[in-house]
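J.: Got a sequence here, can you model it:
(chains A and B)
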Amino acid sequence: MDLQTSKAPSPKLPHTALDRVVPHSESDWNDAAAPAAERHALIKSEAAGVQLNLGELWHYRELLYFLTLRDIKVRYKQTLMGVAWVIIQPLLTVLIFTLVFNRFVRLETGSLPYPLFALSGLLLWLFFANAVTNSTHSLVSNANLITKVYFPRMFIPAASVGAGLVDLSVAFLLLVALCFYYGVALTLQILLLPIFVLMMALLALGVGLFAAAVTVKYRDLRHALPFIIQLWMFASPVIYPTSVVPQKWKWLVTINPVAGIIEGFRAAITGQHFDWIHIFISLVITLAVLASAIYVFRRFEDTFADVV
Amino acid sequence: MNTAIKINQVSKRYRIGGLHPGYMTFREMLGGLVTAPFRKLKSGNGSQTLWALSDINLEIGQGELVGIIGHNGAGKSTLLKILSRVTKPTTGEVELFGRIGSLLEVGTGFHPDLTGRENIFLSGAILGMRRKEIERKFDEIVAFSELEKFIETSVKWYSSGMYVRLAFSVAAHLEPEILMMDEVLAVGDAAFQHKCLDKMNAIRQQGRTILFVSHDMAAITRLCRRVVLLENGVVSFDGEAREVVKRYLSSSLKTGALKEWTNQHDAPGDQVARLRRVRVRTSDGVTTAVVDIRQPFGIEIAYDVLAEGHALVPVVEFYNEEGTELFSTHDTSSNWRRQPRPPGTYTSTVQIPGNLLAEGSLVGHVSIMSHFPATVLHAQERNAVAFQVVDGPAGDSARGDYIGPMPGVIRPLLQWTTETNELSPKSNVQSPTSAGNS
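T.: Okay, the predicted model is just below:
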């Protein structure tokens, strides 16, 4: 009798959750895809110094995708015009600058119609400015994540840059439309366009990582940032051509990586010639900025959870 | 036993204090650059720092379920944060063997503007799941949350209960080899807490390692064989659950297992009777703040009788944490019933049988009354003693093998009988006949 009782199914206590939680198979646990890093981890102290640990970034790469997706989706949820803003923002900006620099000031932009000149610069600039601004704020606004779970923190600002890239590719349609409108024929040079977009993304990531890491500890950067961004725009040939820059300030354009990248981008669209030396200087500076930003970020990273 | 977690001389320092609450402003930094070379000379180390953990050494084996207890600020959360790699130790290192899952809160990574579906993927990825893994378990996660109808709705429209259900479903499918939980059980309704405990039990049964931080002593003793007590950032005790909980309670309860009045004038009472000592004692006479649910124990009251002619009745009333009075008991022993107690010193003890009270924190109010000629309350001490009734994982208490929270203010171990008509092994026909028909 007793035996019979014990063989009966487990009592109807609310134990049902148990059955569903149990994994399907052992393979779920011993996921062959899981690298050794996941099986064994050594947590070192702050004193152990900066570890770049790039392999870990690769391991978490899917998270970058999900965080980027989140940033894109969240931005246009509960907006009336949704993604249309990606077009409207540069369109209005170009209208304003065209009015000021083309109708009032009559700025000389060579063979290019001013609206096309300005838009080709503004698209890339707005991408840069938004990416830097968003990544600077990203760590502080994701404080709840940073203090609760571990993952490479670099992905939070990186996702801001990634989301900006998606915006840029949509806004690019506006530029194509304007090219058709002014009858500017696209040449094979357009194939080089992704190089400049990539360079700008790397520069935005570099500046964004640095600013984000610093902002966690020194909140004033958030207030200073709009001025820095604005100053940077006027210091770059976004809405005016380099030709109007006085000779004694030319060096500033040369060392400003944004200048080289934007001019390369513009040349790729309009078929004008590339200033390869300037582009190369910009590339070197961009990579230097990115490398030092990654280093600084890794250095600050350990204490994010404590100070954010 | 293989090691799952090895903590080696881990210390964690936080900077605290007025001018440097975590983050600083540029102005302070610039000022700091100027004074920095001098500051080291001036203050040395430690004046504005707090050692949240100092020199922690622990080794936790695979398959162990270890509870971590301690007062607020003892370093429990810091330890979990270090183990889950949210923050780094200032010195020392930790070795982890196995995939780690940490639940330091419910709904990590949820975004209110995203739908349930989107949040499952986002939160899953943040907690460390692969995309394929989430895709494979997606239907299961949704079914577990019972939110099929709302999965395409933004979670900001969810009720808090729905939110917690979805969040926990994601976490429950994380399937780590080492799980760390911080007070997540404190949120949510009883049903949700239940799911948490079930989940922990399931993980334990699969031989996974669990670290469990909680203030719920009942849950700790029920689930864990080993408990670590942290006090001011150091491991002050590491051992058998009930022993550690006992130590913790003896240092934390404002009211303890023993209350004494050395001076008769300060003791509660009137000119007839005054309380001198109240304590919770085991059947061996040892004062204890922790009572095994299966064992009988006593409340012992020592009191002075100062005047002739009063038939005194000691009374104990038991209250639980919610303030519910469980019962009261009056001294009805025949030898003193209606008998005046002559002046002198008395000690009366009431025996509470084992398997009567439910687990939890209880307090005893003690009074001395007399009923003739009219009922008079001579002495009373509210919250005279406090103690914890604890259950264990042995399975011979009223809960048997069930590990979840059991409702009710009493927990008697009752006799059950079951009768059955044994089915003949060859017959597959199920005939649910009641015992009475045979």
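J.: Going by C-alpha atoms from here, please, whenever you check contacts or count neighbours.
T.: OK.
J.: residue ranges with poor pLDDT in chain B?
T.: Flagging of chain B using pLDDT under 70 yields the residue ranges B:1, B:16-48, B:183-190, B:192-193, B:250-255, B:424-438.
J.: domains of it?
T.: Here the domain parsing of chain B from automatic domain parsing is B:3-11+B:52-251, B:258-390.
J.: If we ignore the residues flanking it in sequence, what's nearest residue 64?
T.: Unless you meant another one, I'm taking chain A. Closest residue in space to residue A:64, ignoring its immediate chain neighbours: residue A:155 at 5.6 Å, by C-alpha to C-alpha, 6 or more residues apart in numbering or on different chains.
J.: Chain B, not that one
T.: Leaving aside its sequence neighbours, residue B:64 sits nearest to residue B:209 (C-alpha to C-alpha, 6+ apart; 5.1 Å).
J.: so the one you found touches residue B:178, yeah?
T.: Yes - using C-alpha atoms under 8 Å as the test, residue B:209 is close enough to residue B:178 to be in contact (4.7 Å).
J.: Return every residue with contacts to both of these two.
T.: Common neighbours of residue B:209 and residue B:178, using C-alpha atoms under 8 Å, 6 or more residues apart in numbering or on different chains, are residue B:4.
J.: ok, back up a step: may I see the domains of chain B organised as CSV, with mean neighbour count and distance to residue A:96 added?
T.: Shown next, in CSV, are these (neighbours: other C-alpha atoms under 10 Å in any protein chain shown; distance: least, C-alpha to C-alpha, whole Å):
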stretch, mean neighbour count, distance to residue A:96
domain B:3-11+B:52-251, 20, 33
domain B:258-390, 18, 67
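J.: Need the residue closest to the centroid of chain B.
T.: The residue lying closest to the centre of chain B (C-alpha atoms, centre = their mean) is residue B:216, at 1.5 Å.
J.: shouldn't the residue nearest to residue A:64 be in contact with residue A:66?
T.: No - with contact defined as C-alpha under 8 Å, residue A:155 does not reach residue A:66; the gap is 10.0 Å.
J.: Quick one: residues contacting residue B:404.
T.: Residue B:404 touches B:194, B:197-198, counting by C-alpha under 8 Å, 6+ apart.
J.: Turn those into CSV, including distance to chain A and secondary structure.
T.: Formatted as CSV, these follow (distance: C-alpha to the nearest C-alpha, whole Å; DSSP: H, G, I helix; E, B strand; the rest coil):
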residue, distance to chain A, secondary structure
B:194, 8, helix
B:197, 10, helix
B:198, 6, helix
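J.: where's residue B:339 relative to chain A, distance?
T.: Distance of residue B:339 to chain A, given as C-alpha to the nearest C-alpha, to the nearest Å: 51 Å.
J.: Residues of the stretch 201-350 of chain B that sit close to chain A?
T.: With C-alpha under 8 Å from any C-alpha of the partner chain as the criterion, the stretch 201-350 of chain B meets chain A at residues B:202-203.
J.: In the stretch 201-350 of chain B, what residue lies closest to chain A?
T.: Nearest residue of the stretch 201-350 of chain B to chain A (C-alpha to the nearest C-alpha) works out as residue B:202 at 6.1 Å.
J.: tell me the SS of that residue?
T.: Secondary structure for residue B:202, judged by DSSP: H, G, I helix; E, B strand; the rest coil, is helix.
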